[in-house]
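In: got a predicted model here, sequence first, then my questions.
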Amino acid sequence: MSKLFSRTDQSVFGHWWWTVDRGLLAAYVALVAFGVVLVTAASPPVAERIGLNEFHFIKRHLVVLVPSVILTFGISLLSPRNVWRFSSLMLIGSILALVYVLFVGTEIKGAQRWIPVLGFSLQPSEFVKPAFAVSAAWLIARQKETSGFAGGRIAAGLFGLIVLLLLLQPDLGMTVVTSCIYGAIIFMAGFPLWIVGIMVVAGAVGLVGSYFIFHHVQSRIDRFLDPSSGDSYQVQKSLEAFQNGGLFGTGPGQGTVKLSLPDAHADFIFAVAGEELGFLVTATLVSIFAFILLRGFNRIMDSNQMFIVLATGGLLTMLGTQALVHMGSSVSLLPAKGMTLPFISYGGSSLLSVSITMGMILALTRRQAKQTIAKGSTIRKKRLKAESV
Amino acid sequence: MNRLPSFKRKSFRIQGARNEALDVARGRVVLVSACFALAYILVVARVFDLSVIRGRLYNTGEPTEIVEMTAQEQAYRGDILDRNGVILATSLETASLYADPKLIIEPTETAKALARIFPDLAYGDILKSLQKGGRFVWLKRNLTPAEQYDVLQIGDPGLGFKTGRRRIYPNGDLAAHFVGYTDVDGRGLAGVERSFNTYLAAGEQPLVMTLDVRMQHILRREIVKAVENFTAKGGAGVIMDVTNGEVLAAVSYPDFDPHNLDVKNDAAMFNRLSLGTYEMGSTFKIFSTAAVLELAGAEMSDKYDAREPLQAGRFKINDYHAEKRVLTLPEVFMYSSNIGSALMGQKVGTEALKAFYKDLGLMDKIKLEIDEVGRPILPAVWRDVNTLTASYGHGIAVTPLQMVAAAASVVGDGTLVKPTLIKNNDELLTQKGHTDEPVIRIVSPQTAHRMRQLMRLVVTDGTGGNADVKGYRVGGKTGTAEKNINGRYDRKKLISSFLGFFPMEAPRYAVFVMVDEPKGNKKSYGYATAGWVAAPAVGKVVESMAPMVGIEPVMAAPEEDLSASLKRYVKTEEEIKAEKAVQNASY
């Protein structure tokens, strides 16, 4: 036991423990705990309303949570190279699944997004995001190191293919997140600002286009800009939830707004947090997300591998954007867009996907031996010293 | 081995470029972090704004504002009370059910459940309401607490309640025409509910009417009985305090339940007492007799030749209870001789009679605190023949209430009586324009006294015998008028009425009963005239109400009766027989 946590422990777990970023790990555990509490509080009325057992969603959340945690841990053990290998496989698998879902997917609420697997509905679009982030990062990093390798173009092609598949479902939320990931990666990769500028303009044009192409998008944006133009009931209820909550909240399980929010356990779980836990705890929750982002970005500042910088940056952008869209919708800072809150919302695919993402972030941010002597290295340097003595 | 390539030029270049690229990447990572940090700070600020600054727990301004708004919207409508404080109309808080179709989760299930709770609502109609567009649709007004509980059990978030106030009339149809009713939004539509709408809506003080529910009940009971016994179309009646014009009871029958209106039922909705105008018939002889006594210096001993019908233009005036002899003034009144009354009118003269009627308020729409007041119907051109017919109550149609007030002016202290439905309340009286008006003298006290004697005589010896109540000295006048149907008087369609006063030596109360188109029955030997239809009803009313209002019965000998001094002008049956025998002998 003492050996397990000793610094000289060179076993797989011991090595992991001393190299992994324990701050990120703690934040991750805290979010998972928040998630269990909030799903437990928010889901019974939703389950009852659609005629299910009141513990239905809680049970399923826990059933998915166990493999998710194991997955996070397992992936966080991987080396950066293996992270890349793993995500390449996942990218191929999820792109095939995205094609498959177009033809035989289960249609739920007007979109074909789901594939039934073992009693759960898997949503391939959730898995394509982290896989794409890592793959695109590798392709672009590789181009920087090997001249003549057209990684950037391949990444752009992949991006186009994925966006096309997502829009065919249609799944605008995922498209926006994927675009943000890609934008962040090429931005960090040092692409000239005018290219990034073009990307932003293209994104804006895309959004305006979707405003005209997809009726539901149009009405949602109209309602965001002018709440009186239509049904802004969910957002209205969500705002009410925060007002009910006040500084300290009504207490877990004591909220009432979830009774009239159809997606209280998923797309509006932040509102349940606002009502039942109050401002102080909700602010803490936001801070934990912010902590994960800043800690992660801070961590990659030290890295001298372009792949790690881009991949981690892309993955963090994915988590950060998803959380931001979810919270922004709940407090009416953004147009209502159904998006889960990473680690907290109910939703099997979403939870698995963000767990994989977190596993990859943990794996990529583990302390690595520096490849250049000039900058020095933490462990290898010590070890070298020890050897030289 | 590993190091060797880095010493090559290309390797150096790549190494340098790599570091340069990494530096750019680090710079941009800082930018991305900054953006995220900023966005998250914004989210926290927004949550703070919602939860704390606009939060319910800390900001009490908004909710109280809402409470005030609803309070203003649903202001308490004032009660209407009778003279003794019995509630005639009040407002109760009730919940009304509405739906927000957008929020209805299970329209079919909810509609089924609602149809079970409210049998009067059809499932199909509810479903239609629940599925239509818009955000608001009324489903059911004024639920009982039990119904509200059942609706809450459905638990559909699309169903909601608005608390409102419902107007309740604890006495139901008792005085429905005069109390009136309101629409669903609480606006008065009839009776004092309408005319005092602003006052009641302010809700500061109750409105006190002059009505007395006990009197109201007695009068209505007797009118309903008379209408039913004589299978009549309807009836009306009033009990009035002669000294101040306060209406203690006012009935128009058939009436209606103000909670459950059937506005298409004209017969029930129509106010016969103050809005309907009728040719009242012989009760008008009170006015022509008073006029001849007051204005033409007539004496009780004056004689009127009623042997032959009176020819007036193309009309022929006949007597119903024809005596076919020369009658004294009291005889004309007690036998209700049309010929005699017409002769009296002739003696007074057209202009004087018109002026007298005008003073009595029979020629104009009277002032009353409700809007349902009829305007008298007068001859287009008043010729001398109209004077003759108006003397016995034909050719002029007035509201029954108006006539009772006019008669009260003649038999009371001789000053004008103004009917009122609202108990003395200075604020209200000024509001309705009833300021202290000067006392208007109509007849001298002597004329008033003679009129009392004459009316008592009608009951002791004349047509109104059925109205007598032992000890309570009822006096009055019968009135049987043929209804004018399309310009022709129909002998079968009568308005039979009796206007009584008691106690007759100093009249305090006027009791009037009118029955519309009564049909004779066995008990009345087939008669449908006032003496058989209305007079007994008035008698019953007096009998029931006199002990209640504290009038003491006086058992006096016939020779002490008010009418005793008139007896010498009235020929007894023996005298009439003897006279007839003399006449026959002389032929």
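Out: Right, received. Where do you want to start?
In: need the residues of the stretch 101-250 of chain A near chain B, please.
Out: A:144-145, A:147, A:184, A:187-190, A:231, A:233, A:239, A:242-247 (C-beta under 8 Å from any C-beta of the partner chain). To be clear about C-beta, it is placed using only N, CA and C from the backbone, and glycine gets the same treatment.
In: mind running it again at 10 Å?
Out: Proximity of the stretch 101-250 of chain A to chain B, by C-beta under 10 Å from any C-beta of the partner chain, involves residues A:141, A:144-147, A:183-184, A:186-191, A:193, A:196, A:230-231, A:233, A:237-250.
In: pull out the buried members of those.
Out: With burial judged by 16 or more other C-beta atoms under 10 Å in any protein chain shown, the buried subset of these is A:141, A:144, A:183-184, A:186-191, A:196, A:233, A:237-246, A:249-250.
In: inside helices: which ones of those?
Out: Counted as lying in helices by DSSP state H, out of those, are A:141, A:144, A:183-184, A:186-188, A:196, A:233, A:237-245.
In: helix, strand or coil for the most centrally placed residue in chain A?
Out: Central residue check for chain A by C-alpha atoms, centre = their mean: the C-alpha nearest the mean position is that of A:L319, 3.2 Å away. Here A:L319 takes the helix state, with states given by DSSP: H, G, I helix; E, B strand; the rest coil.
In: skip the chain neighbours and tell me the closest residue to it.
Out: The shortest distance from A:L319 to any residue that is not its chain neighbour, by C-beta to C-beta, 6 or more residues apart in numbering or on different chains, is 5.2 Å, and that residue is A:P342.
In: contacting residues for the one you found?
Out: With contact taken as C-beta atoms under 10 Å, 6 or more residues apart in numbering or on different chains, A:P342 is in contact with A:28, A:31, A:35, A:289, A:292, A:318-323, A:326, A:350-351, A:353-355, A:357-358.
In: now A:D267, nearest residue through space, not along the chain?
Out: If you skip the residues right next to it in sequence, A:D267 has A:G338 as its closest partner in space, 4.1 Å away by C-beta to C-beta, 6+ apart.
In: next up, phi/psi of B:G475, please.
Out: When quoted as degrees, to the nearest 10, the phi and psi of B:G475 stand at phi -130, psi 160.
In: that one: neighbour count?
Out: By the criterion of other C-beta atoms under 10 Å in any protein chain shown, B:G475 has 28 neighbours.
In: pull the contacting residues for B:L211.
Out: Contacts of B:L211 (C-beta under 10 Å, 6+ apart): B:80-84, B:86, B:88, B:171, B:174-175, B:178-179, B:192, B:239, B:246-250, B:421-423.
In: what distance do you get for it to B:R83?
Out: Between B:L211 and B:R83 the computed distance is 7 Å (C-beta to C-beta, to the nearest Å).
In: quick check: neighbours shared by those two?
Out: The contact lists of B:L211 and B:R83 share B:E246, B:L248, B:K423, where a contact means C-beta under 10 Å, 6+ apart.
In: selection in PyMOL covering whichever of those are buried, please.
Out: Selecting in PyMOL just the buried members of the shared contacts of B:L211 and B:R83, where the criterion is 16+ other C-beta under 10 Å, is done with this command:
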select buried, chain B and resi 246+248+423
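In: closest to B:K483 among the shared contacts of B:L211 and B:R83?
Out: Distances from B:K483 to the shared contacts of B:L211 and B:R83, taken as C-beta to C-beta, are shortest for B:L248 (28.6 Å).
In: in a helix, that's where that closest one is, yeah?
Out: No: secondary structure of B:L248 (three-state DSSP): strand, not part of a helix.
In: show me what contacts it?
Out: Counted by C-beta under 10 Å, 6+ apart, B:L248 has contacts B:82-83, B:209-216, B:218-219, B:238-241, B:509-511, B:545, B:549.
In: which of the residues you listed are buried? Put it as a PyMOL command.
Out: The PyMOL command for the buried members of the contacts of B:L248 (criterion: 16+ other C-beta under 10 Å) is given here:
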select buried, chain B and resi 82+83+209+210+211+212+213+214+215+216+218+219+238+239+240+241+509+510+511+545
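In: just the contacts of B:L248: which are in strands?
Out: With strands taken from DSSP state E, the overlap with the contacts of B:L248 comprises B:V238, B:I239, B:M240, B:D241, B:Y509, B:A510, B:V511.
In: many thanks, we can stop here.
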